[in-house]
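J.: Turn this into a model:
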Amino acid sequence: MVTPAQHGLSTHVLNTSSGNPAAGMLVTCQILKGEKWSDLHSASTDSDGRVKNFLGAGSLHTGHYRFTFQTGAWFAQQNIETFFPSVTIEFHVHDAARHHHVPLLLSPFGYSTYRGS
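T.: Numbering: from 1, shown residues only. The predicted structure is shown next:
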């Protein structure tokens, strides 16, 4: 049996300027319904900088999603100046049977992402 964690949505945030996970960062997951974004779930990253499954027991569906990371508030808690108050990553789920992992590599003045596994 496939569990939701095997075909859900997850993220991992790494502060590349320190090499440490970004623990305690608020991340919101949304799905595009028609022309409007609908909130699915918000969670703070764990001590390893991860949100392991935004869907809980819910099902992943094909469609257009986005994660919004509250980077400005997180850096402010660390007393670090940053250029980006938030980072939004949009992505499309074509195969709802696969797990979709969308990491964020972050520094105070830059970021990158990729399709993880």
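
J.: residue contacts, the nearest residue to Val93 once chain neighbours are set aside?
T.: Distances taken as Cβ to Cβ, 6 or more residues apart in numbering place Thr62 nearest to Val93, at 5.3 Å, with adjacent residues excluded. C-beta here means a position set from N, CA and C on the backbone, and glycine is covered the same way. Applying Cβ atoms under 8 Å, 6 or more residues apart in numbering to Thr62 gives the contacts Val93, His94, Asp95, Ala96.

J.: which residue sits closest to the last one, ignoring its sequence neighbours?
T.: This points to Ala96. Excluding the flanking residues, the one nearest Ala96 by Cβ to Cβ, 6+ apart is Leu60, at 4.6 Å.

J.: okay if I get the contacts of Thr62 as TSV plus neighbour count and secondary structure?
T.: Shown next, in TSV, are the contacts of Thr62 (neighbours: other Cβ atoms under 10 Å; DSSP: H, G, I helix; E, B strand; the rest coil):
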residue	neighbour count	secondary structure
Val93	16	strand
His94	9	coil
Asp95	10	coil
Ala96	13	coil
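
J.: Let me have those residues in TSV, adding distance to Ile31 as columns.
T.: Conversion of the contacts of Thr62 to TSV gives the following (distance: Cβ to Cβ, whole Å):
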residue	distance to Ile31
Val93	9
His94	14
Asp95	16
Ala96	12
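
J.: Which single one of those residues is nearest to Asn20?
T.: Val93 (29.4 Å; Cβ to Cβ).

J.: The closest one reaches His101, doesn't it?
T.: No: in this structure, Val93 is not within contact of His101 by Cβ atoms under 8 Å, at 11.7 Å.
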